[in-house]
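Colleague: Provide a 3D model corresponding to the input given below.
(chains A and B)
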Amino acid sequence: MKQQAMLSAKAFEASDAPIKAFGEALLEAGKANPDIVAVSTDSSSGSGLSPFKAAFPERHVEFGIMEQGAVGYCAGMASVGKIPFYAAIAPFVSARPFEMVKDDLGYMRQNVKVVGRCGGFTYSQLGPTHHSIDDFALMRTIPGILVLNPGDPVSIRKATLALAKHIGPSYMRIGSPNMPVLYDEDLPFEIGKGILVREGHDVTIIGTGTVLCQAVKAAELLDRKGISARVIDIHTIKPLDEEMILKAASETNRIVTVEEHFINGGLGSAVAQFLSQTRPTPVKMIGIDDRFVSNGPYEGLLGQHGLLADQIVVSTTEFLKKKF
Amino acid sequence: MPLSKQEELELKFKALALRENVLRMVKAAGTGHMGGALSAADIVAVLYYKFMKLDPQNPDLADRDRFVLSAGHKCLILYAALAEKGYFPKEIMDSYGELDSHIPGHPSMDKLPGVEANTGSLGHGLSIAAGMAMGLKLSASSARVYTIMGDGELAEGSNWEAAAAASHHKLDNLTAIVDKNGLQIGGIADSIMNYEPLQDRWASFGWSVRRIDGHDYPTIVKTLESLPFEKGKPSLIIADTVKSKGFPFAEGKAAYHYWKATKEELQLADEALAAARAGLEKALAEVKAEGGL
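Modeller: Take a look at the predicted model:
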């Protein structure tokens, strides 16, 4: 059965704040399920929790700046039947309390949803302490955890609602600046199932999260140069949609991955790990090399790491010229 | 209610059974974290046999009290209690150290009913226990949560995060017990990292604190009966204990934190437990003679 490409006819016309999209969806989820609890470690408003907090003040728990302990508290609450959504700045809920996430959530299989906001280097000016470009690599090592990285406001909303229904430890990363709306509201969203954004047969660009929009724009630019690029949105880093990736590899023979994450251990790494053992396929990984990211305007940093659409076009064109 | 002589003896028989179970598991593997298991044995026996609302036939009972062994390496005493309560067949104790045993070197919820948290890495249990207490309060449950921590464990900073939040959120359904046996793997706990004055430290974090002899039954019972010590505050019991309590050859010696048992030591341990049993039986006979039964 031929899949339908999901890019909206109105893509890029509107944009919305990812944290707002998350917060509104959490409120909706909270109305449907009284066991959902919102957890913050300071900056609850910055984490999008204000609507939930206003509607359900007794179901919001504030801990102050104590991310390690908060993960344990979430595990305890989950073990007695609550469904904590714990949202805070991405590096402080992933790298910092990693062992708590591994042991208290992963090993204990607790139904806690950790949401890392301002993920990637969207906290651009604040420097490497506030960047989170290792979270996929870390989280991917935890058996049984779900890792989400939705790439537009519509899919963030849908991912949040899907998370509320999913049972098990989960990590979702969202960015900070406004993101272009790429999808229509009736987008079918399923955890673990990639989204065919755009059809194409010369190459497949797999994008995720904050830079999915750059991948889509790149495909449009490539089209003008006579290169037909398929775009896949892998919003679920783990478990990976192997079926969709294998199909893309078989039909386009070349894969480009685009992510706001270290090349080490991220989406590209997961895709290459899978393909090398099933259908060896050349993979070009666009992401952050083995160095810390600088500081400054977000777009400037994207440019320093080859993550802007026109740079993806150049990398992809070069990659397609290469003989393997 | 003051503890009757008879009830005290009954609890001591239970604690003895737990110590026998610990020895049974050490015999199976030849090794084990014995010292801290036995320092906590009396408190664990009182919790499981007098205070905690539990149903071994229905380990997932919604309103059960929760026990989190923050010092997960003391797992032998947890397994000993769960086996004695009937959570699992006692034969499982003989698999300690075996491949895929249901009783690993640190407790695992997946492997055994009655285990409430996967502990082992220190400094996790208090947060988890406090989260349970918080969730139970949110659900308007009257269940209580207990956790046993080691004194060496207190150097983990995450405990103090958990401690501050527990008082901030007024979790008076939470009781933490510091099994202060004074020794950790490297020697005397206070000389490795001094956390005294413990009472003041916990009190300054907003806990209601009592310091007791962790082997004195009337005191343990009286203390647990008065929970919460103060309404609106989490309760902290500093239990002064003796490492390896019950095995005189090993008492108060850091080397028995992780016991690699020799034949001679196992013999001494058997003798110690047999003597303890004889002593308890004699005491029971005396109580009976006095017309206490």
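Colleague: Now do the strands in the stretch 201-324 of chain A.
Modeller: Per DSSP state E, counting those that start in this stretch, the stretch 201-324 of chain A carries strands over the ranges A:203-207, A:229-233, A:236-238, A:255-262, A:283-288.
Colleague: can you put those strands in CSV and add distance to B:Ile192?
Modeller: Every residue, glycine included, has its C-beta placed from N, CA and C. Below are the strands of the stretch 201-324 of chain A laid out as CSV (distance: least, Cβ to Cβ, whole Å):
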stretch, distance to B:Ile192
strand A:203-207, 51
strand A:229-233, 52
strand A:236-238, 40
strand A:255-262, 37
strand A:283-288, 41
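Colleague: out of those, nearest to chain B?
Modeller: Checking the strands of the stretch 201-324 of chain A against chain B by Cβ to the nearest Cβ gives strand A:236-238 as the closest, at 20.3 Å.
Colleague: quick one: contacts of that closest one?
Modeller: A:136, A:139-140, A:145-149, A:191-194, A:208, A:266-267, A:270 (Cβ atoms under 8 Å, 6 or more residues apart in numbering or on different chains).
Colleague: Would you check how far apart the closest residue to B:Gly187 other than its chain neighbours and chain A are?
Modeller: Nearest residue to B:Gly187, sequence neighbours excluded (Cβ to Cβ, 6 or more residues apart in numbering or on different chains): B:Ala254, at 5.2 Å. Going from B:Ala254 to chain A by Cβ to the nearest Cβ, to the nearest Å gives 26 Å.
Colleague: neighbours around the closest residue to A:Val80 other than its chain neighbours, how many?
Modeller: Nearest residue to A:Val80, sequence neighbours excluded (Cβ to Cβ, 6+ apart): B:Gly135, at 3.8 Å. Each residue near B:Gly135 was counted by other Cβ atoms under 10 Å in any protein chain shown, and the total is 27.
Colleague: Ok, the one 10 residues further on next?
Modeller: Using other Cβ under 10 Å, B:Val145 is surrounded by 28 other residues.
Colleague: Repeat that for A:Thr252.
Modeller: A:Thr252 - counted by other Cβ under 10 Å - has 19 other residues nearby.
Colleague: Of all the residues in the stretch 151-300 of chain A, which one is nearest chain B?
Modeller: Nearest residue of the stretch 151-300 of chain A to chain B: A:Pro169, at 12.3 Å (Cβ to the nearest Cβ).
Colleague: how many neighbours does that residue have?
Modeller: Counted with other Cβ under 10 Å, A:Pro169 comes out at 28.
Colleague: Give the closest residue to it in space, chain neighbours not counted.
Modeller: A:Pro169 sits nearest to A:Leu105 (Cβ to Cβ, 6+ apart), 4.0 Å away.
Colleague: So that neighbour, which state does it fall into?
Modeller: helix (DSSP: H, G, I helix; E, B strand; the rest coil).
Colleague: could you list every residue that touches B:Ala133?
Modeller: Contact analysis of B:Ala133 by Cβ under 8 Å, 6+ apart lists A:Gly76, B:Arg144, B:Val145, B:Ala166, B:Leu171, B:Asn173, B:Leu174, B:Pro234.
Colleague: Including secondary structure, pLDDT and distance to B:Val46, could those residues go into JSON lines?
Modeller: Compiled in JSON lines, the contacts of B:Ala133 are given as follows (DSSP: H, G, I helix; E, B strand; the rest coil; pLDDT from 0 to 100; distance: Cβ to Cβ, whole Å):
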{"residue": "A:Gly76", "secondary structure": "helix", "pLDDT": "98", "distance to B:Val46": "23"}
{"residue": "B:Arg144", "secondary structure": "coil", "pLDDT": "98", "distance to B:Val46": "14"}
{"residue": "B:Val145", "secondary structure": "strand", "pLDDT": "98", "distance to B:Val46": "16"}
{"residue": "B:Ala166", "secondary structure": "helix", "pLDDT": "98", "distance to B:Val46": "22"}
{"residue": "B:Leu171", "secondary structure": "coil", "pLDDT": "98", "distance to B:Val46": "22"}
{"residue": "B:Asn173", "secondary structure": "coil", "pLDDT": "98", "distance to B:Val46": "18"}
{"residue": "B:Leu174", "secondary structure": "strand", "pLDDT": "98", "distance to B:Val46": "18"}
{"residue": "B:Pro234", "secondary structure": "coil", "pLDDT": "99", "distance to B:Val46": "19"}
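Colleague: Please pick the buried ones from those residues.
Modeller: A:Gly76, B:Arg144, B:Val145, B:Ala166, B:Leu171, B:Asn173, B:Leu174, B:Pro234 (16 or more other Cβ atoms under 10 Å in any protein chain shown).
Colleague: max-length helix in chain B?
Modeller: Using DSSP state H, we find that the single longest helix of chain B is helix B:263-289.
Colleague: Would you mark the buried spots in it?
Modeller: Buried, per 16+ other Cβ under 10 Å, within helix B:263-289: B:Glu265, B:Leu268, B:Ala269, B:Ala272, B:Leu273, B:Ala276, B:Leu280, B:Ala283, B:Leu284.
Colleague: Same list, these, but only the ones touching chain A.
Modeller: Checking the buried residues of helix B:263-289 against chain A by Cβ under 8 Å from any Cβ of the partner chain, not one of them is in range.
Colleague: Including distance to B:Lys50, could the residues you listed go into a markdown table?
Modeller: As requested, those are exported to a markdown table (distance: Cβ to Cβ, whole Å):
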| residue | distance to B:Lys50 |
| --- | --- |
| B:Glu265 | 31 |
| B:Leu268 | 30 |
| B:Ala269 | 26 |
| B:Ala272 | 24 |
| B:Leu273 | 22 |
| B:Ala276 | 20 |
| B:Leu280 | 17 |
| B:Ala283 | 18 |
| B:Leu284 | 18 |
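Colleague: which one of those is nearest B:Ala37?
Modeller: Closest approach between those and B:Ala37, by Cβ to Cβ: B:Ala269, at 12.5 Å.
Colleague: Could you report the separation of that closest one from chain A?
Modeller: B:Ala269 is 32 Å from chain A, by Cβ to the nearest Cβ.
Colleague: which residues sit in contact with that residue?
Modeller: B:Leu23, B:Val26, B:Phe247, B:Phe249, B:Ala261.
Colleague: Tell me how chain A divides into domains.
Modeller: For chain A, automatic domain parsing gives the domain ranges A:15-180, A:195-321.
Colleague: So for B:Lys90, which of these sits nearest?
Modeller: Evaluated over those, closeness to B:Lys90 peaks at domain A:15-180, with 26.1 Å, by Cβ to Cβ.
Colleague: The residue nearest to A:Pro169 touches A:Val112, doesn't it?
Modeller: Yes: at 5.1 Å, A:Leu105 counts as touching A:Val112 under the criterion of Cβ atoms under 8 Å.
Colleague: what is in contact with these two at once?
Modeller: A:Val71, A:Cys74, A:Ala75, A:Ala78, A:Pro169.
Colleague: Name the member of these with the most neighbours.
Modeller: A:Cys74 leads the shared contacts of A:Leu105 and A:Val112 on contacts (other Cβ under 10 Å) with 35 neighbours.
Colleague: ok, now which ones touch that one?
Modeller: Neighbours of A:Cys74 in contact, by Cβ under 8 Å, 6+ apart: A:Val39, A:Pro84, A:Tyr86, A:Asp104, A:Leu105, A:Gln110, A:Val112, A:Val114, B:Gly131.
Colleague: Tell me the confidence at it?
Modeller: For A:Cys74, the pLDDT comes out at 98.
Colleague: Where does pLDDT dip in chain B?
Modeller: Counting by pLDDT under 70, chain B shows low-confidence ranges at B:292-293.
Colleague: A:Leu222: which of the shared contacts of A:Leu105 and A:Val112 is nearest?
Modeller: Lowest distance from A:Leu222 to the shared contacts of A:Leu105 and A:Val112 (Cβ to Cβ) belongs to A:Pro169, with 38.0 Å.
Colleague: Check what pLDDT that closest one gets.
Modeller: Looking at A:Pro169, the pLDDT reads 98.
Colleague: what residues are up against the nearest residue to A:Asp152 once chain neighbours are set aside?
Modeller: Closest residue in space to A:Asp152, ignoring its immediate chain neighbours: A:Leu182 at 4.1 Å, by Cβ to Cβ, 6+ apart. Residues in contact with A:Leu182 (Cβ under 8 Å, 6+ apart) are A:7-8, A:11-12, A:151-152, A:154-155, A:197, A:212-213, A:216, A:233.
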